[in-house]
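>>> I'd like to go over a predicted model; first the sequence, then the structure.
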Amino acid sequence: MSKRYHFVTASVLCLTLTTACGSSGSIVGGLITVARAPGGQLGEYTSPPDDFKRIGSDANGVTVAVPHEWVAHDLTKGDIEEFLERSGLSGKQKESLKKDMQAMADVKAILAIDPKSSKASPNRFATNLNAFCQPGRSSAEELMDANTKGLEEFGAKVSEATKVRIAGGEAARILYTLPAGNVKVKGTQFHVPTSDTVCTVTLSTDQDNKQKLFDQIGATISPL
């Protein structure tokens, strides 16, 4: 993964959905629960919940399923104002998100936000997702090693890095925390290689009870 695109991903880890992020910088298949066998072997999966919807298209190069109530936007399409209005954000948070969306348009990203999550967050941080693909060839293991190093260089503390089986095949899955002002962002990244692209999905929150959901979402990633 190139430094440019890694930095773009890192800068949207927070999507600056809380003012604490500031200038610090800020996934078509029926596989769902990430379950890893002892010794790091790939696990088994079941179908996604009925209340998930799939977002993304050929234009993005990837699709992923998220809870139906999440608000999503495809940055290859039209105006972002409706998405911003539905995001549940206002003021500086809304303006910061708008700037990040403009930056992510170059990589034809998909963004999604849980509009209710900021109300449950002591930091007014909105649980969110961004996904994009870029040309390149790499293995899941190479992606795991390179992005673990990149996250740590960015100031994140990586707590787990493994290979998992998802809808789109084998993926690198990285769990980390990232200090952003007074907020400790809890992130999960999935890096999915294909024959000629790498798709990256980043999920971020400041809440403690989202990992099962993030793994459910991650298991549905399907590069196109």
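Right, received. Where do you want to start?

>>> hey, let's count contacts and neighbours off CA atoms from now on
Fine.

>>> residue ranges with poor pLDDT in this protein?
1-48, 78-79, 87-90, 93, 97, 100, 102-103 (pLDDT under 70).

>>> show me where it has its helices.
Listed in chain order, the helices of the chain (DSSP state H) span residues 3-11, 81-86, 91-104, 117-120, 140-153, 211-218.

>>> so of these, which one's packed in deepest?
Here the criterion is mean neighbour count by mean count of other CA atoms under 10 Å, and of these the winner is helix 211-218, at a mean of 22.

>>> and that one, what does it pack against?
The helices and strands touching helix 211-218, judged by 3 or more CA pairs under 8 Å, 6 or more residues apart in numbering; DSSP states H and E, are strand 62-67.

>>> strands along this structure, start to end?
Counting by DSSP state E, the chain has these strands, from start to end: 52-57, 62-67, 71-74, 110-113, 128-135, 157-166, 169-180, 183-193, 197-205, 222-223.

>>> is the residue positioned nearest the centre of the chain in a bridge, and if so with what?
The chain has Thr202 as the residue nearest its centroid, 1.9 Å off, counting by CA atoms, centre = their mean. Going by DSSP bridges, Thr202 is paired in beta bridges with Asn130, Gln189.

>>> check Glu170 too.
Once the bridges are assigned, which here means DSSP bridges, Glu170 pairs with Arg165.

>>> state the distance from it to Thr202.
Noted for Glu170: a distance of 16 Å to Thr202, by CA to CA, to the nearest Å.

>>> same check on Pro179?
Remark: distance between Pro179 and Thr202 (CA to CA) = 16 Å.

>>> thinking again about what came up before, in this structure the residue nearest to the centre of the chain contacts Val192, no?
No: when contacts are counted by CA atoms under 8 Å, Thr202 is not listed as touching Val192 (11.5 Å).

>>> ok, Ser222 touching Glu170?
No: at 10.6 Å, Ser222 and Glu170 do not qualify as touching, with contact defined as CA under 8 Å.

>>> of the two, who's got more company?
Legend: neighbour count by other CA atoms under 10 Å for Ser222 and Glu170, higher for Ser222 (23 against 19).

>>> next, count neighbours for the closest residue to that one other than its chain neighbours.
Spatially, and ignoring its direct neighbours in sequence, Ser222 is nearest to Gly168 (4.2 Å; CA to CA, 6 or more residues apart in numbering). Look at Gly168: counted by other CA under 10 Å, it has 25 neighbours.

>>> and Gly168, how far is that from Val192?
Computed with CA to CA, the distance linking Gly168 and Val192 is 7 Å.

>>> now do the shared contacts for the two.
Residues touching both Gly168 and Val192 comprise Pro223, with contact defined as CA atoms under 8 Å, 6 or more residues apart in numbering.

>>> mind listing what Ile112 touches?
One thing to correct before we go on: residue 112 is Ala, not Ile. With contact set as CA under 8 Å, 6+ apart, Ala112 has these partners: Trp70, Val71, Ala72, His73, Asn128, Leu129, Asn130.

>>> hang on, the fifth one packs against Leu203?
Yes: between Asn128 and Leu203 a contact is recorded at 5.7 Å, counting by CA under 8 Å.
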